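**Student:** how does the following fold in three dimensions:
(one chain, ligands or ions: 3)
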Amino acid sequence: MKIFNSSQIRKADAYTIAHEPVTELKLMERAAEACAKWLEDEIPRETVFYIFCGSGNNGGDGLALARLLCHNGLSTHVFVGESNEQASEARSVNFQRLAEHPEIAVHQLEDAVELDFEANSVLVDALFGTGLNREIDGKYAELINFLNELPFRRISIDVPSGLFADRLIKENATVFTAHDTLSFQFWKQSFLHPETGAFCGNVHILDIGLHKNFVESEPSNRFVTDDAVIFQLYKPRSPFTHKGKLGKTRIIAGSYGKMGAAVLAVKAAVHCGSGLTVIEAPECGNEILQTSCPEAMFELNGDQYATAFLINENESVGVGPGLGTNPDTAKAFLKFLQDCTQPMVIDADALNIIASNPDSLKMIPKDSILTPHPKEFERLFGSTANSYERVDLAQKMAAELGVTIVLKDHFTQICLPDGSVYYNTTGNAGMAKGGSGDVLLGIITSLLAQKYEPAQAAIFGVWLHGKAGDFAMQKSSVEAMLPTDLISELGSVFKCLSEKKGQIH
Ligand SMILES: NC(=O)C1=CN([C@@H]2O[C@H](COP(=O)(O)OP(=O)(O)OC[C@H]3O[C@@H](n4cnc5c(N)ncnc54)[C@H](OP(=O)(O)O)[C@@H]3O)[C@@H](O)[C@H]2O)[C@@H](O)CC1
Ligand SMILES: Nc1ncnc2c1ncn2[C@@H]1O[C@H](COP(=O)(O)OP(=O)(O)O)[C@@H](O)[C@H]1O
Ligand SMILES: [K+]
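**Tutor:** Ligands and ions are numbered 1, 2, ... in the order given. This next block holds a predicted model:
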């Protein structure tokens, strides 16, 4: 799914109105219908809805929503400002149509502070959407601050009021803090970054049928990895395959005291379908690795830490978890980096060694995949003021170096050598536990061995990793789930994928 900025979203709207054709009023009705359906499916019927409507079309959505909810027998209050006369025609018509339902209580926005809210209230924010053009202050800020303190579920229509669709806000800016955001047609960039996404709660993208021709032809180099992308990438196994056709994965990981990282990476590689898997590690890991993952072959690269790296053609290499940064390991790794020509997956201490030897950046084989967390990224490429600038820098560096950079985050960003960026939306806070990144390295390297193109392996691997995390969370909790559970859940994720792919073809 493409990510569009505010002006592109306005163009999508206008294009749909002109080419479907459909009136602005009808499009607003579609948006309100989609919200009403979501609310009726998800929220108990005995709820009282309080809908706060601004002066633009976001407010118009709120007014239409109030009418639809009331029409379906739900208890509804709306709040409007004084400036209804400046509104668009579609919003004005929806304001007038409130009269069809005299049971809808209509209040002034400033009266909210005096109101006795019912115990079973839900607050709906239709104050500002993609038309926000400055920070919120004055009366609107007071109202939003008041609503944010009330002990009720809060739901935003299209965008939490106070957030811009496509840029950062100032620290301490006033923003409606939503538990859920019902947004139209596209993910907005601000939902995907921690500084702004934290205001959105759970995001639900509702289809309102914006014109397909516009979506296809309008350029964007930012995407969200959606199910359509994944179904296209996933290659089901041929029944006639054999292990020799499913690639050889080499995981180079582990040192004394950090052998768990190697165990997690190699197990993830095996569970992700690698035909043959080798774990290259120091002697101190031999017994641990052979016992915990008998499916993998063991090859020695040192005593307590790696001092030599083996190069084998026709293998896909994933290097770094638990490797350590002993000077002998660093020296051997840099030589290996220089001698290798095949794309590889580079994580953790291997990235730290590169960061300490900046000249080695240009030795990274083209099409390799780097998987830094934010701190590792900073060590490699320098600090940035915020996550928006960080993804811009990652996008630039990926293109300059001809590599894929997997910038690990809540919504991990996969920056490809062609300059495009894919945001991943699977995964959850239960994965914020040492070892989750080691699992990711194993998954991506395994896919690379199975002849997924590097960019595909990165996009698909990050999605699989997050999806396995979501399955693990359902069975356990964000607190208790383990990186090991991600590996166990890979089976269920592939099962779902192959069943769904079977239904499509
Ligand atoms: N695109 C689509 O596909 C569809 C879009 N739809 C909906 O339309 C929404 C976009 O509507 P929109 O363009 O009318 O803008 P919106 O966000 O309601 O606010 C603009 C108003 O706010 C004002 N204003 C701005 N900042 C302010 C501030 N800080 N403090 C105070 N005032 C401020 C500004 O007035 P100004 O003061 O600048 O003259 C203007 O009057 C979109 O989010 C979605 O919900 C659906 O109906 C159908 C499909
Ligand atoms: N809050 C979160 N939401 C979604 N994914 C997360 C979250 N926290 C961590 N992750 C994922 O878990 C992994 C952690 O990687 P990393 O920091 O390298 O861990 P480690 O090196 O300890 O194994 C990344 O893939 C990251 O995207
Ligand atoms: K809103």
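
**Student:** quick check: T445 touching V317?
**Tutor:** Yes: taking contacts as CB atoms under 8 Å, T445 lies within contact range of V317: 6.9 Å. C-beta here means a position set from N, CA and C on the backbone, and glycine is covered the same way.

**Student:** so between the two, which is more surrounded?
**Tutor:** Taking neighbours as other CB atoms under 10 Å, T445 and V317 compare with T445 leading, 33 against 27.

**Student:** doesn't the more buried one fall inside a helix?
**Tutor:** Yes: residue state for T445 (DSSP: H, G, I helix; E, B strand; the rest coil) corresponds to a helix.

**Student:** quick one: pLDDT of it?
**Tutor:** We have a pLDDT of 98 for T445.

**Student:** skipping adjacent residues, who's closest to it in space?
**Tutor:** Of all residues not flanking T445 in the chain, G318 sits nearest, at 3.1 Å (CB to CB, 6 or more residues apart in numbering).

**Student:** what residues are shared contacts of T445 and V317?
**Tutor:** Each of R250, I251, M344, V345 lies in contact with both T445 and V317 under the rule CB atoms under 8 Å, 6 or more residues apart in numbering.

**Student:** chain neighbours aside, what residue packs nearest to the residue in the stretch 51-200 of the chain that ligand 2 sits nearest to?
**Tutor:** Closest to ligand 2 within the stretch 51-200 of the chain is P194: 9.0 Å, counting by CB to the nearest ligand atom. If the residues on either side of it in the chain are set aside, P194 comes closest to S387, at 5.7 Å by CB to CB, 6+ apart.

**Student:** who touches that neighbour in this structure?
**Tutor:** By CB under 8 Å, 6+ apart, the contact list for S387 reads H193, P194, E195, P374, D409.

**Student:** next one: E118
**Tutor:** Contacts of E118 by CB under 8 Å, 6+ apart are V48, S75.

**Student:** just R154 next, same as before
**Tutor:** V122, L123, D125, L147, N148, F176, T177, A178, H179, D180, G201.

**Student:** got TSV for those, with distance to ligand 1 too?
**Tutor:** Listed next are the contacts of R154 as TSV, based on distance: CB to the nearest ligand atom, whole Å:
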residue	distance to ligand 1
V122	18
L123	16
D125	11
L147	15
N148	16
F176	12
T177	17
A178	14
H179	18
D180	15
G201	17
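
**Student:** out of those, which is nearest to V93?
**Tutor:** Among the contacts of R154, D125 lies closest to V93 (CB to CB), at 21.5 Å.

**Student:** ok so that closest one is a strand residue?
**Tutor:** Yes: D125: assigned to a strand according to three-state DSSP.

**Student:** quick check, F223 in a helix?
**Tutor:** No: looking at F223 with three-state DSSP, it is strand, so not inside a helix.

**Student:** what parts of the stretch 51-200 of the chain come near ligand 1?
**Tutor:** With the criterion set to CB under 6 Å from any ligand atom, the stretch 51-200 of the chain comes near ligand 1 through 54-61, 128-136, 140, 157-159, 184.

**Student:** noted, bye for now.
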